[in-house]
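Q: Just a sequence and a predicted model for now, questions to come.
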Amino acid sequence: MAKIDNILLKSKFRGCLLGALLGDCLGAPFEGEAMTSGGKLVLQKYFDKLDGPYFRAPVKKYTDDTAMTKSVAKCLIDKPAVDFKCMARLFVKEYFADPRRGYGQNVVDVFNKLRGSKFEDIYKPAQEQFGGMGSYGNGGAMRVAPLALYFHNNYKGMIEAVTHATKITHTNKLGVNGALLQAIAIQQSLLMDPVDKIDVEHFTNQLIDKMKDIETVEEDDEDINIEDQLPYQTKLKAMQELLTAEESDLSDTYVITNLGNNISALGSVPTAIYCFLKAQSEIPGIKADNTFRRTIQYAISLGGDTDTIASMAGSIAGAFLGEEYINESLIKHCEFQKEMIEVADNLYAVAEDTKEALLRKRYGHLYFF
C-alpha cells in the first residue's frame, strides 16, 4: 500500500465528505423509485446536465444523511477525545432545528426520548426499540465517514468509536456491523493511491478478513444457518461473484436480489461498496468517463434507498480519489458544499493534531528525529 502524503490525504478528506454529500443530494430526488429503462434514461440526462459547466438548476437539498454526518464531524472537531454524549446532543439539536430532512420516525422517537430524559443514558432509547431488538437500518452506516477519516491511522480506535456512535440510534448487531463495514471500506480506500488500479478481489478479501473478527459463530448457535450468523461475509462473497460475472448475466434485478437496495444496513452497505468497485470499469448503460460520477450514477440507477446508498458509495469513492477527481460542476449544484469543504479541512487539522500528540506521547523526544 502506497504512503499517502499530507496534501493527498487532505484532498481525500475533502473527497470523502463531498462524495457523501453529493450522493445524498443527487440521489434524494430518486429515493424509493424502481428504476425502469425510461427512468435510467432520465437519470442519464439528469447527470449529463448537472455535469455540464453551464446548466443552472435549483440547489439539490441534503437529507438526514448529511445532517447527521455533519453532526458527527462537528463533535470530532469540537471534542477530539470523542464525546458520545456530545454527539447525541448534536443529533437531537440538528433534528429539532431542521426536522424536514427526511428523518425516519424510529430515529425521531429516539431523539424525543433522548431530549426527554436529558441524555441521562444515551443508549437506552435505541436499545428499547423493536421490542428490545434495536434497529438494523442503515442510519448508522450513512454517517460514519467522519469517524473513518478521523481514525484513519487507528483501526482499533475506529472500530470502537463507530460501534459507540452507531448505538446511539441503532443497537441491532446488523445495524452496528453494517456501520463498521462501511467505515472499514472508507478507511481502505483512503489509504490507497488513486493512481493505482484497484485489485477488486484483494479489496474485497481484505473486507472479508476484517469482518471475520467482527462476525463470529457462537458455539451455542451451531444449529443456525451459517449465512445467518455471518451475514456480511456472505454478502461480500456474493459481491465478489457479481464483480467477476459476465455482464450478460448481470441485470439490475439480479444485483438487487443478491445485494439489496433497501433501508436495512445489510441490504445497502454491501451494495454501496459494490457500486464503488463496479464503477472502476465501464458499466453498460452508464455513460460517464469519470469514476466518481459513474459510482453515484450507478448507485442511483439501482433505485430504492438511492440517497443513502449513493451517499455511502460516494464517500468511499471520494476517499479513494480525492477532491480533484470530482467535477466542480456536480459539486456546485449541492447544498452545503462550501461548508462541507471547510468541515473536511477542520476535521483533517484535528486528526493530524491528534496523531502528532499521540506520537509525542508514545515516543517522546525521539518523535522529532
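A: Noted; the coordinates are in hand.

Q: Roughly how far does Glu128 sit from Val110?
A: From Glu128 over to Val110 the distance is 9 Å, taken as CB to CB, to the nearest Å. In short, each C-beta sits where N, CA and C put it, glycine included.

Q: Could you check which of these two is surrounded by more residues?
A: When Glu128 and Val110 are compared for neighbours, Val110 comes out ahead with 30 against 15, by other CB atoms under 10 Å.

Q: show me what contacts that one?
A: Taking CB atoms under 8 Å, 6 or more residues apart in numbering as the contact definition, Val110 lies against Pro125, Ala126, Gln129, Ile168, Thr169.

Q: okay, now the first one: neighbour count?
A: Right, the one you point to is Pro125. Pro125, neighbours per other CB under 10 Å, totals 23.

Q: quick one: which helix or strand includes Asn153?
A: With elements delineated by DSSP states H and E, Asn153 resides in a region that no helix or strand encompasses.

Q: Number of residues surrounding it?
A: A total of 16 residues lie near Asn153 under the criterion other CB under 10 Å.

Q: next one: Gly52
A: For Gly52, the neighbour count with other CB under 10 Å is 11.

Q: so how far is Gly132 from Cys16?
A: Between Cys16 and Gly132 the distance, using CB to CB, works out to 35 Å.

Q: for Asp307, same thing?
A: For Asp307, the distance to Gly132 under the criterion CB to CB works out to 29 Å.

Q: ok, now Lys235?
A: Computed with CB to CB, the distance linking Lys235 and Gly132 is 25 Å.

Q: who has more neighbours, the two?
A: For the pair Lys235 and Gly132, the greater number of neighbours falls to Lys235 (25 against 9), based on other CB under 10 Å.

Q: Leaving out chain neighbours, which residue sits closest to that one?
A: With CB to CB, 6 or more residues apart in numbering as the measure, Pro270 is the residue that lies nearest to Lys235, at 4.1 Å, once sequence neighbours are left out.

Q: Buried residues in whichever strand or helix holds that neighbour, which are they?
A: Assessed by DSSP H and E, Pro270 sits inside helix 269-278. For helix 269-278, the buried set under the neighbour-count rule, 16 or more other CB atoms under 10 Å, comprises Val269, Pro270, Thr271, Ala272, Ile273, Tyr274, Cys275, Phe276, Leu277, Lys278.

Q: Check which helices and strands that helix sits against.
A: Using 3 or more CB pairs under 8 Å, 6 or more residues apart in numbering; DSSP states H and E as the contact criterion, the secondary-structure elements in contact with helix 269-278 are helix 173-190, helix 200-214, helix 231-244, helix 252-259, helix 291-301, helix 306-321.

Q: check contacts around the closest residue to Leu190 other than its chain neighbours.
A: Spatial nearest neighbour of Leu190, excluding adjacent residues (CB to CB, 6+ apart): Ala319 at 4.3 Å. Residues counted as contacts of Ala319 (CB under 8 Å, 6+ apart) are Lys12, Gly15, Cys16, Gly19, Ala145, Ala148, Leu149, Ile186, Gln187, Ser189, Leu190.

Q: ok, now how distant is Gln328 from Arg293?
A: Actually, residue 328 is Glu rather than Gln. Shown here: Glu328 relative to Arg293, a distance of 12 Å by CB to CB.

Q: Looking at the two, which is more packed in?
A: Ranked by neighbour count (other CB under 10 Å), Glu328 and Arg293 place Arg293 first, with 26 against 10.

Q: so the more buried one makes contact with Asn327?
A: Yes: judged on CB atoms under 8 Å, Arg293 makes contact with Asn327 at a distance of 6.5 Å.

Q: list residues touching both of these two?
A: Counting by CB under 8 Å, 6+ apart, the residues touching both Arg293 and Asn327 are Asp51.

Q: Show the end-to-end separation of stretch 257-265, please.
A: From the first residue to the last, stretch 257-265 extends over 15 Å; the measure is CA to CA, to the nearest Å.

Q: how distant is it from the center of its chain?
A: Counting by CA atoms, centre = their mean, to the nearest Å, stretch 257-265 is centred 15 Å from the centre of its parent chain.

Q: Enumerate the positions of it that are buried.
A: Within stretch 257-265, the residues that count as buried by 16+ other CB under 10 Å are Asn258, Leu259, Gly260, Asn261, Asn262, Ile263, Ser264, Ala265.

Q: Repeat that for stretch 320-334.
A: Residues of stretch 320-334 classed as buried: Phe320, Leu321, Gly322, Glu323, Tyr325, Ile326, Asn327, Leu330, Ile331, His333, Cys334 (neighbour count, 16+ other CB under 10 Å).

Q: Give me the contacts around it.
A: Counting by CB under 8 Å, 6+ apart, stretch 320-334 makes contact with 8, 11-12, 14-15, 18-19, 21-22, 25-26, 50-53, 55, 57, 59-60, 62, 189-190, 192, 194, 198, 276, 290-293, 318, 337, 341, all of which sit outside it.

Q: Those residues in helices, which ones?
A: If you go by DSSP state H, the contacts of stretch 320-334 have 8, 11-12, 14-15, 18-19, 21-22, 25-26, 50-51, 189-190, 276, 291-293, 318, 337, 341 in helices.
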